[in-house]
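1. return a 3D structure for these sequence lines:
(2 chains)
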There are 2 protein chains.
Amino acid sequence: MSADFTPEGLHDDLVAAGHIIPVGVQGIFGRGPVFEQVLRQFDDYVSRVAAPDLATRMSFPPCLDRKVLERSEYLDSFPQLAGTIFSFTGNDAQHKELSENVHEGRPWTHLQTMTAVCLTPAACYPVYPSFTGTLPEGGRLVDMQNWVFRHEPSPEPTRMQSFRVREFVRVGTPDVVVAWRDLWLQRGLEILTSLGLPARAEVASDPFFGRGGRMLAANQREQQLKFEIVVPVIWQEKPTAVCSFNYHQDHFGKLFEIQNPNGDTAHTACLGFGLERIVMALFRTHGMQLADWPASVREQLGL
Amino acid sequence: MSADFTPEGLHDDLVAAGHIIPVGVQGIFGRGPVFEQVLRQFDDYVSRVAAPDLATRMSFPPCLDRKVLERSEYLDSFPQLAGTIFSFTGNDAQHKELSENVHEGRPWTHLQTMTAVCLTPAACYPVYPSFTGTLPEGGRLVDMQNWVFRHEPSPEPTRMQSFRVREFVRVGTPDVVVAWRDLWLQRGLEILTSLGLPARAEVASDPFFGRGGRMLAANQREQQLKFEIVVPVIWQEKPTAVCSFNYHQDHFGKLFEIQNPNGDTAHTACLGFGLERIVMALFRTHGMQLADWPASVREQLGL
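-> Modelled structure (predicted):
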């Protein structure tokens, strides 16, 4: 492992190797061919590890029913990160005004109206409404790969506005859900260390908004509701979270009225592999060129 | 091929088979495991056909630099379809107001501010800025799979607000670009007919906005700038476009200052396979259960 990068240094190295393609706005960049190949092979590796669990595979678009965002309480905790979608719903005269404003660089915000959809704020959110009602015996397990939006432009390539998460969601009784979370914490560490990444797990908290946020974060840590697996990507001393494990207790079960067969409110947990961050961790650890990677890592990924 | 479906009939059949998962808003639904498997296998089939061309593979997020949308003239033609992204940028007091409004079902539009990003309106848009400057001899060819947003909620499952397109973009001299477009029109027909789909090509036009739009569409047809491959999905008599081939002449070359080595403005063309529509065409033509599909189709797709 080489010395620390700077955010700009890592960004420039990824660009020079053709792994990311700048587009003029921070946190939104194209991914090059080798980046995509590594991402797909890593995702397939996770599939192999997950296979015995027989999870139900689903895929959701990067957009979400706005009612789900409103109901989820996300806007109470992370209003600064959420993205809502607006569109033009005017007539010919307003269209003329819109076009003129755009061409002359004047504001056109007032010609946009909030739609019924927003951006998916976390990979697990789209699935909860489909659990509403009484669960089958043993609960449910869903496996997804979804694009997630976070409004946090940054020069750090690891801090993206739009990225993919391989996400698993478990819903059922508290003991089943927690045991499943613990199993995957172990599996996640094994997957990452098998790829030569110096990964470790730690208790974590979410970036709650505002003055009240600090207390919420402290509470989350105290109850050990969130774990992350971290790997040095930019800084050795300040490693980057590449997997996140969240035990929501009965939060989503209450909000979306999900019951276990015995009538109790269901508990949920989710875990996500931040796919772009893991690919960047691999390039940072093993070098920007696949040819330089250890044979064992390439073999494990089928590269 | 059975008789006509209705939009609702096709929707309900896809839901009953577990292929799509309703989420409470039109045009935004989850995709089930078999749907995703067919989509991936079809996408891989396109990769096998495209392999000899050695296109540069890229991937872009579902979000785009808003400046690219503004510069592209998309808002002149299709303002009603574009999606812009807003977020909360206020302080603690405004956050309190936001949370209260959300919980009490009052409007909260005024607490959202336009960001520097918007939704990708067509799968080819993210790539044009990366062509700016003088092209290498022979031009360039890029291969992508991107999520696209269209603000057009509809009960027709084929008319989605968010969907994936396997997109190829060719940039170079007019003769090279048009010959490439023609080659892929043939390849597209061959791919789809090899899967037992009753596909045919036709001249088409885009859904330009407003009173002026009709003339633009007529002009586009007259110059044969847009072709579509259509397949019956809902109605026999009104088949659905599943591939689109667009010759932009020097439109994007001028807007993004792209030159051929001889100094002329570069021409561009793009083609896209509407992946969800093709998967729905396969289910509609061969049946909702993979087990009922012709052996030749399953073999071609490796299913």
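
2. helix or strand for the closest residue to residue A:225 other than its chain neighbours, which one?
-> Excluding the flanking residues, the one nearest residue A:225 by CB to CB, 6 or more residues apart in numbering or on different chains is residue A:247, at 5.0 Å. Every C-beta, even on glycine, is put in place using the N, C-alpha and C of the backbone. Under the criterion of DSSP states H and E, residue A:247 resides in strand A:240-249.

3. any idea how far residue A:98 is from residue B:50?
-> The gap separating residue A:98 from residue B:50 is 38 Å, by CB to CB, to the nearest Å.

4. against which helices or strands is the strand or helix carrying residue A:213 packed?
-> Assigned by DSSP H and E, residue A:213 belongs to helix A:210-222. Applying 3 or more CB pairs under 8 Å, 6 or more residues apart in numbering or on different chains; DSSP states H and E, one finds that helix A:210-222 makes contact with helix B:92-103.

5. near chain A at all, the helix it packs on?
-> Yes - between helix B:92-103 and chain A, judged by CB under 8 Å from any CB of the partner chain, the touching residues are B:92, B:95, B:98-99, B:102.

6. tell me which stretches of the stretch 201-303 of chain A form strands.
-> Using DSSP state E, counting those that start in this stretch, the strands of the stretch 201-303 of chain A run over A:226-231, A:240-249, A:258-259, A:267-274.

7. most tightly packed of those?
-> Neighbour counts (mean count of other CB atoms under 10 Å in any protein chain shown) averaged over each of these peak at strand A:267-274, with a mean of 26.

8. distance-wise, check the residue sitting furthest away from the middle of chain A relative to residue B:32.
-> Distance from the C-alpha centroid of chain A, by CA atoms, centre = their mean, peaks at residue A:93 (41.1 Å). Look at residue A:93 and residue B:32: by CB to CB, they are 44 Å apart.

9. let me know the secondary structure of the residue of the stretch 1-150 of chain A found nearest chain B.
-> At 3.5 Å from chain B, residue A:61 is the closest residue in the stretch 1-150 of chain A, using CB to the nearest CB. Three-state call for residue A:61 (DSSP: H, G, I helix; E, B strand; the rest coil): coil.

10. how many neighbours does residue A:235 have?
-> Number of residues near residue A:235 (other CB atoms under 10 Å in any protein chain shown) recorded here: 15.

11. same question but for residue A:285, I mixed them up
-> Neighbourhood size, residue A:285 [other CB under 10 Å]: 19.

12. do the same with residue A:200
-> 13.

13. can you check residue A:77 too?
-> Using other CB under 10 Å: residue A:77 sits among 21 other residues.

14. element containing residue A:21, please.
-> Going by DSSP H and E, residue A:21 is part of strand A:20-25.

15. other SSEs contacting the helix or strand that comes right after that strand?
-> Using DSSP H and E, the helix or strand that directly follows strand A:20-25 along the chain is strand A:28-31. Contacts defined by 3+ CB pairs under 8 Å, 6+ apart place strand A:28-31 against strand A:20-25, strand B:63-65.

16. compare the ones you listed and say which comes out lowest on pLDDT.
-> The minimum mean pLDDT among the helices and strands packed on strand A:28-31 belongs to strand A:20-25 (a mean of 94).

17. quick one: the helix or strand of chain A with the lowest mean pLDDT to strand A:226-231, angle?
-> Every helix and strand of chain A was ranked by mean pLDDT, DSSP states H and E. The lowest is helix A:210-222, at a mean of 90. Between helix A:210-222 and strand A:226-231, the angle comes out at 80 degrees (axes from the mean of the first three to the mean of the last three CA atoms, to 10 degrees).

18. just the CA atoms of helix A:210-222, as PDB, please.
-> In PDB, the C-alpha atoms belonging to helix A:210-222 read as follows (Å, rounded to 0.1, in the frame of the first residue of the first chain):
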ATOM      1  CA  GLY A 210     -28.500  20.000  11.800                       C
ATOM      2  CA  ARG A 211     -28.000  20.600  15.500                       C
ATOM      3  CA  GLY A 212     -30.300  17.800  16.500                       C
ATOM      4  CA  GLY A 213     -28.400  15.400  14.300                       C
ATOM      5  CA  ARG A 214     -25.500  14.900  16.700                       C
ATOM      6  CA  MET A 215     -27.700  13.300  19.300                       C
ATOM      7  CA  LEU A 216     -29.300  11.000  16.800                       C
ATOM      8  CA  ALA A 217     -25.800   9.900  15.600                       C
ATOM      9  CA  ALA A 218     -24.600   9.300  19.200                       C
ATOM     10  CA  ASN A 219     -27.700   7.200  20.000                       C
ATOM     11  CA  GLN A 220     -27.200   5.200  16.800                       C
ATOM     12  CA  ARG A 221     -23.600   4.400  17.800                       C
ATOM     13  CA  GLU A 222     -24.500   3.600  21.400                       C
END
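
19. great, nothing more from me.
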